[in-house]
Structure formats: C-alpha cells, structure tokens
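Visitor: Fold the following and give me the result.
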Amino acid sequence: MAAPEPTLETDRLILRPPTAEDFDPWAAFAADEEAMRHLGGVQARSVAWRGICTVTGAWAIRGHSMFSVIEKATGRWVGRLGPWQPADWPGTEVGWGLSRDVWGQGYATEGASAAIDYVFDVLGWSEVIHCIDPANVNSQNVAKRLGSAWLRQDRMPAPFSDQVCDIWGQSREQWRARAKA
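Guide: All right, here's what the predicted structure looks like:
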C-alpha cells in the first residue's frame, strides 16, 4: 500500500503517515518495556492497534499527526514522531518515540527538526511543545538539541490526568532565529 502524502525526507529518514504495513513493528515497539518506560508503559498488541489507528485517524480528521519513521538505508520502520495535538492536549506538540535499537544515532533530533519545520511552515503553528516525563533525560537532551527550553509542568488530559509532564518548547520565531544562526 502506498503511503499517503505528505512525506518528509531527511538525510537518513523518511517521515510519512503510518500504513497497515507499519503495524507489526509499531506493536513490537509498544511491547518494549524500555522504549515505553516514559511513554505510558508497555501496550498489548490490541492496544497498539488502537494507537496506530488513532494516529492514522488523526491524519484524516485533523490533517496532521505523527509520522512513521522509516530508516532510508534499510527501509525499516524505526519509530513514530511529529505533530501531536489530541483533544485537551497541553499545546501543539512535536513528539517522538523510537525503537531502542536506533537510540543514540541522532534520529530523534533529525526527524523532529524536519517535523518542526513542517508544523511551522505548512501547518502555521506559532509554538511547538514537547511533553516529556520528568525522568526522561534522553528526551530532555533531544529537546535541548532542538533549541527548546523547559517552560512549565502540566498534567496530561484524561485518561492520563494522574501523570505530570514537563513541557519544553519554543516559538516559531525562536526556531527560525536559531536556524539562521
């Protein structure tokens, strides 16, 4: 099945809306305890199915959502990242979650940079945030590499309202000034 548009490309990644072929690696990612430690915990295959369908449905309803991250060199699905703004979310987020076997290779920063360009240039967002578990030092470091700063703490919307997250982010003007520098 061909991926619907839009498709973004970086030096090493292809970012495109999820397709049915992404489900098995998506479910494997969702079942990985370490990968899901700061993303709500391990998910059963049936819950992962609802997750991929939610992301895919958001493309149809909102016109944007997280992209599947495809490694150019191998054609493998290695994660999901990009715009995320469900109902009652604390802001206009670009988030990321990558398979553990590609951690430390700079894919989160590379892919999120392309996604941030997309949300500012195409979607017209004025701010981007990243909702990060306070204990997730790796994602805090990605946010810093992107030029984002800690803004505040907030609670996630139901059914996760018992969870507190750190909100990192920056304005479109800050992003563009950093790109020019």
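Visitor: shaky segments in the chain?
Guide: 1-4, 36, 38-39, 41-42 (pLDDT under 70).
Visitor: now the helices for it?
Guide: 23-30, 45-62, 107-121, 137-145, 172-180 (DSSP state H).
Visitor: Need those helices in a markdown table (columns: mean neighbour count and distance to Lys72).
Guide: Just so you know, the C-beta spots here come from the backbone N, C-alpha and C atoms, and that holds for glycine as well. Below are the helices of the chain laid out as a markdown table (neighbours: other CB atoms under 10 Å; distance: least, CB to CB, whole Å):
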| stretch | mean neighbour count | distance to Lys72 |
| --- | --- | --- |
| helix 23-30 | 19 | 16 |
| helix 45-62 | 15 | 21 |
| helix 107-121 | 20 | 11 |
| helix 137-145 | 17 | 20 |
| helix 172-180 | 13 | 23 |
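Visitor: could those helices be laid out in a markdown table, adding distance to Asp166?
Guide: Listed next are the helices of the chain as a markdown table, based on distance: least, CB to CB, whole Å:
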| stretch | distance to Asp166 |
| --- | --- |
| helix 23-30 | 23 |
| helix 45-62 | 22 |
| helix 107-121 | 16 |
| helix 137-145 | 7 |
| helix 172-180 | 18 |
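Visitor: Cool, thanks, signing off.
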